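Chemist: sequence first, then the predicted structure, then my questions.
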Amino acid sequence: MNIDDVKRNAFAMPLTSPAFPPGPYRFVNREFLIVTYRTDIDALRAVVPEPLQITEPIVKYEFIRMPDSTGFGDYTESGQVIPVTFNGVAGGYVHSMYLNDEAPIAGGRELWGFPKKLASPKLVIETDTLVGTLDYGSVRVATATLGYKHRALDTAGVLKGLLAPNYLLKIIPHVDGSARICELVQYFLEDVTVKGAWTGPSALELAHHALAPVARLPVLEVISGTHLLTDMTLGMGSVIHDYLV
């Protein structure tokens, strides 16, 4: 393989058998369970990078079921998103993500900088309850429950929230172990259709774990629970701050 061939084909690793295909990445029937809760403001300050700004001590804990996603297949994800502002514009900083599929772990980290780690999340309906669980190895670290479709929500308001900007801290090391890339990335969800949105009584329990530290943002008060069914495309990102310049 000559140098031009390498340049032409080098969009992901491994070179001759990439872990994920090129985008765009479309998600059909993407289902969310989101529990919004109040946490400790000092705990948030310890994990949210400048120049993002925290507006209030709120966290959104998410379970996302993705049965039909272009290039990534069928998988489930769980993690924490922190409401922030950047230059006065409200959005969400993706703080942690745990999922059970190699392709979106590799693609998410390499392309955008999603903070993805391998774990075992689930989102299922158990009789009258929507249940999200996250296991790291044999240890249960998160459990969320929501009464199933108790009250419908205004889909226009939900859509507005989904179209807000999202932020990531992308870190790629140099071969000597130092940071070669350290950037704040912005991305948007595109072509979003909200097929349904509901709320109801909700609860969230987080357990401490050395390598899945979701409980470092403790649950002080559950504010709301939301169940969404959507179609959407994950847009590519743009760099809005370079920490190494």
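Modeler: In hand now; what should we look at?
Chemist: strands paired with the host helix or strand of Gly92, and their directions?
Modeler: Assigned by DSSP states H and E, Gly92 belongs to strand 89-99. Strands adjacent to strand 89-99 in the sheet, as given by DSSP bridges, are strand 73-86 (antiparallel), strand 116-118 (parallel), strand 166-173 (parallel).
Chemist: the helix or strand just after the last one vs strand 89-99, what angle?
Modeler: Proceeding C-terminally, strand 166-173 gives way to strand 179-187 as the next helix or strand, assigned by DSSP H and E. Between strand 179-187 and strand 89-99, the angle comes out at 120 degrees (axes from the mean of the first three to the mean of the last three CA atoms, to 10 degrees).
Chemist: state the next helix or strand along the chain beyond strand 179-187.
Modeler: Next in sequence after strand 179-187, counting helices and strands by DSSP H and E, comes strand 189-199.
Chemist: please work out which of the strands paired with strand 89-99 is packed deepest.
Modeler: Relative to the other members of the strands paired with strand 89-99, strand 73-86 carries the highest mean neighbour count by mean count of other CB atoms under 10 Å, namely a mean of 21. In this view, the C-beta of every residue, glycine as well, is placed from N, C-alpha and C.
Chemist: ranges for the helices of the protein?
Modeler: For the chain, applying DSSP state H gives helices covering 3-9, 41-45, 102-107, 155-162.
Chemist: before we move on, the earlier item: adding mean pLDDT, write the strands paired with strand 89-99 out as JSON lines.
Modeler: As requested, those are exported to JSON lines (pLDDT from 0 to 100):
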{"stretch": "strand 73-86", "mean pLDDT": "98"}
{"stretch": "strand 116-118", "mean pLDDT": "98"}
{"stretch": "strand 166-173", "mean pLDDT": "98"}
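Chemist: how near is the residue lying closest to Ser78 once chain neighbours are set aside to Leu229?
Modeler: Excluding its sequence neighbours, the residue lying closest to Ser78 (CB to CB, 6 or more residues apart in numbering) is Pro121, at 3.7 Å. In this structure, Pro121 and Leu229 are 18 Å apart, going by CB to CB, to the nearest Å.
Chemist: neighbour-wise, which of the two wins?
Modeler: Set side by side, Pro121 and Leu229 show more neighbours around Pro121, with 24 against 15, by other CB atoms under 10 Å.
Chemist: and that one, what does it touch?
Modeler: Residues in contact with Pro121, defined by CB atoms under 8 Å, 6 or more residues apart in numbering, are 63, 76-78, 98-100, 132-135.
Chemist: per-residue confidence for it?
Modeler: In this prediction, Pro121 carries a pLDDT score of 98.
Chemist: gap between it and Arg26?
Modeler: Counting by CB to CB, the gap from Pro121 to Arg26 is 21 Å.
Chemist: what of Arg109?
Modeler: As for Arg109, its distance to Arg26 is 20 Å (criterion: CB to CB).
Chemist: and Ile82, by the same measure?
Modeler: Taken as CB to CB, the spacing of Ile82 relative to Arg26 amounts to 26 Å.
Chemist: ditto for Leu234
Modeler: 8 Å.
Chemist: neighbour count for those two, which is higher?
Modeler: Neighbour comparison, Leu234 and Arg26: the larger count goes to Leu234, with 26 against 16 (by other CB under 10 Å).
Chemist: which one is the more buried one nearest to, not counting chain neighbours?
Modeler: By the measure of CB to CB, 6+ apart, the closest residue to Leu234 outside its immediate chain neighbours is Tyr25, 4.6 Å from it.
Chemist: next, count neighbours for the one you found.
Modeler: Using other CB under 10 Å, Tyr25 has 20 other residues around it.
Chemist: how about the contacts made by it?
Modeler: Contact criterion CB under 8 Å, 6+ apart gives 69-72, 107, 233-234 as the residues in contact with Tyr25.
Chemist: what's the burial count for the closest residue to Phe20 other than its chain neighbours?
Modeler: Sequence neighbours aside, Gly107 is the residue nearest to Phe20 in space, at 3.7 Å (criterion: CB to CB, 6+ apart). As a burial measure, the neighbour count of Gly107 was computed by other CB under 10 Å and equals 24.
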